[in-house]
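Novice: no FASTA, just this:
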């Protein structure tokens, strides 16, 4: 069965931005796009608030994307029921599920919607979350760069493979970032600062060796991908946000067995660009 890319949409501009990102990715990968809209069960008194059938919303967005992107194979699929389980069932054959960071609900100032957060944590497919308006006014960003956040001591194989494969398809450089714990500080003073610098350099060297060993199987699998191996001794979230500032995609691992760890959870809230969460 041919794999697809699935874009989950609602009736918001945020959902449209995610669908646009998914359409471009589907063209790049040579895959069809399935636009999925889920109508949740209506609450008390909410029957008149959702006049558009799910199938109509999905087919309308699919047609708009196909018109903007000649060569794109796009279909619309409408489902009804609890949103996150429906997204999971509608993307079981997907290369990835693409969602907006926020949907049509929520409140002003909300960074991440509950649907996006739950789907990233529970869906077993790669989930890409796209901020609204991504691409506008982003001239400082580099379109040839994918950033991978990796724990070299316990790499999430699916996330590493996804990052390498995406970099290959994009003709991009892969920036692999391993965040380590800085060595203990020593007392102040010129001699002590020299000792501290020596400890820091030794720790970086050890962590670089760990990172090189962790990436070696994928370097051999994807020999055409240019890789920048990077070790940062800092707080993980701050380091990855900074290192991904110029990336077009940040890739992080999902916890074994499902769920977002504290680092991935924080990055989803702080990302300035698309973030892929992969098992």
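Specialist: Alright, I've got the coordinates. These numbers come from a predicted model, not from an experiment.
Novice: alpha carbons only for contacts and neighbour counts from here, please
Specialist: OK.
Novice: Residue 151 is in contact with residue 160, isn't it?
Specialist: No - using CA atoms under 8 Å as the test, residue 151 is too far from residue 160 to be in contact (10.2 Å).
Novice: Looking only at neighbour counts, state which of those two leads.
Specialist: residue 160 (23 against 19; other CA atoms under 10 Å).
Novice: C-terminal to the helix or strand of the chain at the bottom of the mean pLDDT ranking, what's the next element?
Specialist: Taking mean pLDDT, DSSP states H and E as the measure, the chain has helix 190-221 as its least confident helix or strand, at a mean of 87. Moving toward the C-terminus from helix 190-221, the next helix or strand (DSSP states H and E) is strand 226-233.
Novice: so what's the nearest residue to residue 41 once chain neighbours are set aside up against?
Specialist: Nearest non-adjacent residue to residue 41, counting by CA to CA, 6 or more residues apart in numbering: residue 81, 5.4 Å away. Each residue near residue 81 by CA atoms under 8 Å, 6 or more residues apart in numbering is listed here: 38, 39, 40, 41.
Novice: Redo those as TSV? Include pLDDT.
Specialist: As requested, the contacts of residue 81 are exported to TSV (pLDDT from 0 to 100):
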residue	pLDDT
38	93
39	89
40	78
41	73
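Novice: Report the buried members of the residues you listed.
Specialist: Listed as buried from those are 38, 39; burial here means 16 or more other CA atoms under 10 Å.
Novice: In a strand, residue 174, correct?
Specialist: Yes - the assignment for residue 174 is a strand, going by DSSP: H, G, I helix; E, B strand; the rest coil.
Novice: so what's it bridging to?
Specialist: residue 146, residue 227 (DSSP bridges).
Novice: from memory it sits against residue 223, does it?
Specialist: No - taking contacts as CA under 8 Å, residue 174 lies outside contact range of residue 223: 12.0 Å.
Novice: pLDDT below threshold where in the stretch 151-279 of the chain?
Specialist: Along the stretch 151-279 of the chain, segments meeting pLDDT under 70 span 184-195.
Novice: Residue 4 touches residue 35, doesn't it?
Specialist: No - the criterion here is CA under 8 Å, and residue 4 misses it with residue 35 at 10.2 Å.
Novice: neighbour-wise, which of the two wins?
Specialist: A count of neighbours by other CA under 10 Å puts residue 35 above the other of residue 4 and residue 35, at 30 against 22.
Novice: Give me the secondary structure label for the more buried one.
Specialist: strand.
Novice: Break this protein into its domains for me.
Specialist: Residue ranges for each domain of the chain read 4-130, 145-278, as given by automatic domain parsing.
Novice: still on that earlier bit, okay, the residue nearest to residue 41 and residue 89: tell me how far apart.
Specialist: Separation of residue 81 from residue 89 (CA to CA, to the nearest Å): 11 Å.
Novice: got it, and residue 71?
Specialist: Distance from residue 71 to residue 89, by CA to CA: 27 Å.
Novice: sorry, back to before: okay, angle between the least confident helix or strand of the chain and strand 226-233 too, please.
Specialist: Relative orientation of helix 190-221 versus strand 226-233 (axes from the mean of the first three to the mean of the last three CA atoms, to 10 degrees): 150 degrees.
Novice: Could I get the buried residue list for helix 190-221?
Specialist: For helix 190-221, by 16+ other CA under 10 Å, it's 196, 199-200, 203-204, 207-208, 210-211, 214-215, 218-219.
Novice: show me where the protein has strands.
Specialist: Secondary structure of the chain (DSSP state E): strands at 4-8, 33-39, 74-80, 94-100, 127-130, 145-150, 173-180, 226-233, 249-253, 275-278.
Novice: Sweet, I'm off.
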